[in-house]
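> what follows is a predicted protein model with its sequence.
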Amino acid sequence: MRKRSQIGRIVLMLVLGGSALGAAGFAQADEQSGMCITVGVAAFSTRVLVRCGNGSEFPKVVCGPGGARNCVAPTVFAVPITNDALASKVIILGAASMQTNKNSKIWFNTNADEKYGCLARDCRPLTGIEILP
């Protein structure tokens, strides 16, 4: 219980400090968002990832060969480790989302060529994350 309240305080400080990424920003033309049931957060030498599980709600924006019938919703979202401010916040908020069993809202870039080393089929660059009430 103590660990849960400590995480809650950290999340509250981030939100009150304006670090609920994407929440106050303006959406870009190629940016979308969706509800993520966070099932994993990982850090690698080149990127940080958030993985969303079954039941997450994202628009079907990733299409492979074969056109529209071969489109899937993204399930993995990446941030380059070179963007250390965003990467560290993604780790904190992603882990807090899992720890508190709360869903998160993920903002992501739909048309970016760079995937930061993850699979183009189901991975998109993350531009913001927020823990939902």
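Thanks, I have it.
> element containing L119, please.
Per DSSP states H and E: L119 is located in neither a helix nor a strand.
> isn't it right next to F77, touching?
No - if you go by CB atoms under 8 Å, L119 and F77 don't touch, sitting 11.9 Å apart. For every residue, glycine as well, the C-beta is placed using N, CA and C.
> all strands for this protein, in order.
Using DSSP state E, the strands of the chain run over 31-36, 38-43, 47-52, 62-63, 71-72, 76-80, 104-109, 123-131.
> what's the closest of the ones you listed to L93?
L93 lies closest to strand 123-131 among the strands of the chain, at 5.0 Å (CB to CB).
> rewinding a little: which among the strands of the chain is found nearest to K89?
Nearest to K89 among the strands of the chain is strand 123-131; the distance by CB to CB comes to 7.2 Å.
> could I have that closest one exported to CSV, CA atoms only?
Taking C-alpha atoms only, strand 123-131 is exported to CSV below (Å, rounded to 0.1, in the frame of the first residue of the first chain):
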residue,chain,number,x,y,z
CYS,A,123,5.1,0.3,-33.5
ARG,A,124,4.8,4.0,-33.6
PRO,A,125,6.8,6.9,-32.2
LEU,A,126,5.2,8.0,-28.9
THR,A,127,4.7,11.8,-28.5
GLY,A,128,2.8,11.9,-25.2
ILE,A,129,1.4,9.8,-22.3
GLU,A,130,-1.1,10.5,-19.6
ILE,A,131,-2.5,8.2,-16.8
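> so which elements touch that strand?
strand 47-52, strand 76-80, helix 84-99, strand 104-109 (3 or more CB pairs under 8 Å, 6 or more residues apart in numbering; DSSP states H and E).
> Serialize those to a markdown table and add fields for mean neighbour count.
Below are the helices and strands packed on strand 123-131 laid out as a markdown table (neighbours: other CB atoms under 10 Å):
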| stretch | mean neighbour count |
| --- | --- |
| strand 47-52 | 23 |
| strand 76-80 | 24 |
| helix 84-99 | 19 |
| strand 104-109 | 23 |
